[in-house]
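below are the sequence and a predicted model for it; my questions follow.
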Amino acid sequence: GQQVMQIPQYQHVQEGEDFTTYCNSSTTLSNIQWYKQRPGGHPVFLIQLVKSGEVKKQKRLTFQFGEAKKNSSLHITATQTTDVGTYFCAGPRYGNKLVFGAGTILRVKS
Amino acid sequence: DGGITQSPKYLFRKEGQNVTLSCEQNLNHDAMYWYRQDPGQGLRLIYYSQIVNDFQKGDIAEGYSVSREKKESFPLTVTSAQKNPTAFYLCASRETGDDNSPLHFGNGTRLTVT
């Protein structure tokens, strides 16, 4: 069945460094969604990408959707301690289900 | 304030007991979902419902049951048949079952079975 792979599993950065997480699907996606889960919290929707090659920005966060619509990335510029958490990508599957990647855990050293 | 309420936040049960996790939403969303979260495995879909009185199995439905008698409520029962029930359970909803609408999550219930 369709899988969504996410790397790296874990990243520990110094505050001010950049961070990137990558998401790869085994099949073409109609769209991809990104969520953030703070430690001890629940996932919160960040953004959705729909078009091939789409790039969207939210302050220091940049989201990209690949040309083939099978991969995506989230890049954070100059990380801050408030960025800590787990970042998930998710893609739709038949039957209106959403399949999630395993997530990338980000830790920021101040 | 509109949102999704899961209760309780922490739940402890003895092995062999069934337990029901509550999920209520006042967002007027049609679709509701139950996910299980284990460390390093992301979120795995247990059951989902796109409309009242209808629900479908997700990827890991064995040992679980649900009901959707009201639009706002989607309780999950973890039965004694579930081999590894200890986990963090997340309920979510979205406006329709449409691919493009985002999921709204509750705060989760952490179930520990000993």
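Arrived safely. Keep in mind it's a predicted model, so treat the numbers as computed, not measured. Numbering: from 1, shown residues only, chains lettered A, B, ... in the order given.

contacting residues around the residue most central in space within chain B?
With distances taken as Cα atoms, centre = their mean, B:Trp34 lies nearest the centre of chain B, 2.8 Å away. Counting by Cβ atoms under 8 Å, 6 or more residues apart in numbering or on different chains, B:Trp34 touches B:23, B:45-48, B:58, B:64, B:66, B:74, B:76, B:89-92. Every residue, glycine included, has its C-beta placed from N, CA and C.

burial of B:Pro102, as a residue count?
18 (other Cβ atoms under 10 Å in any protein chain shown).

my guess is it contacts B:Arg94. True?
Yes. The pair formed by B:Pro102 and B:Arg94 meets the contact definition of Cβ atoms under 8 Å, at 6.4 Å.

with B:Trp34 as the reference, measure out to B:Thr112.
Relative to B:Trp34, B:Thr112 is positioned 18 Å away (Cβ to Cβ, to the nearest Å).

oh sorry, the question was meant for A:Thr79
33 Å.

please apply the same query to B:Thr114.
22 Å.

just the pLDDT at the nearest residue to B:Ser80 once chain neighbours are set aside, thanks.
Among residues not flanking B:Ser80 along the chain, B:Gly16 sits closest, at 4.9 Å (Cβ to Cβ, 6 or more residues apart in numbering or on different chains). For B:Gly16, the model assigns a pLDDT of 91.

so where does residue 36 fall, helix or strand?
The chain I'm using is chain A. Using DSSP states H and E, A:Lys36 sits in strand A:32-37.

right idea, wrong chain: chain B
Assigned by DSSP H and E, B:Arg36 falls in strand B:31-37.

where in the chain is pLDDT low?
This is for chain A. Scanning chain A with the threshold set as pLDDT under 70 gives A:1-2, A:95-96.

oops, wrong one, chain B.
Filtered on pLDDT under 70, chain B yields the residue ranges B:1-2, B:97, B:99.

residue numbers of it in contact with chain A?
Selection of chain B residues close to chain A by Cβ under 8 Å from any Cβ of the partner chain yields B:31, B:33, B:35, B:40-45, B:48, B:50, B:56, B:58, B:90, B:97-100, B:102-108.

put the alpha carbons of stretch A:75-92 into CSV.
Written as CSV, here are the backbone C-alpha positions of stretch A:75-92 (Å, rounded to 0.1, in the frame of the first residue of the first chain):
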residue,chain,number,x,y,z
HIS,A,75,12.9,24.0,5.8
ILE,A,76,13.2,26.1,8.9
THR,A,77,15.7,29.0,8.8
ALA,A,78,17.5,30.1,11.9
THR,A,79,15.8,27.8,14.3
GLN,A,80,14.5,29.0,17.7
THR,A,81,13.6,27.1,20.8
THR,A,82,9.9,27.5,20.0
ASP,A,83,10.5,25.3,16.9
VAL,A,84,11.0,22.2,19.0
GLY,A,85,8.6,19.4,18.3
THR,A,86,7.8,16.6,15.8
TYR,A,87,7.0,17.6,12.2
PHE,A,88,4.8,15.2,10.2
CYS,A,89,3.9,15.1,6.6
ALA,A,90,0.7,13.4,5.5
GLY,A,91,-0.7,12.4,2.2
PRO,A,92,-4.2,11.3,1.1
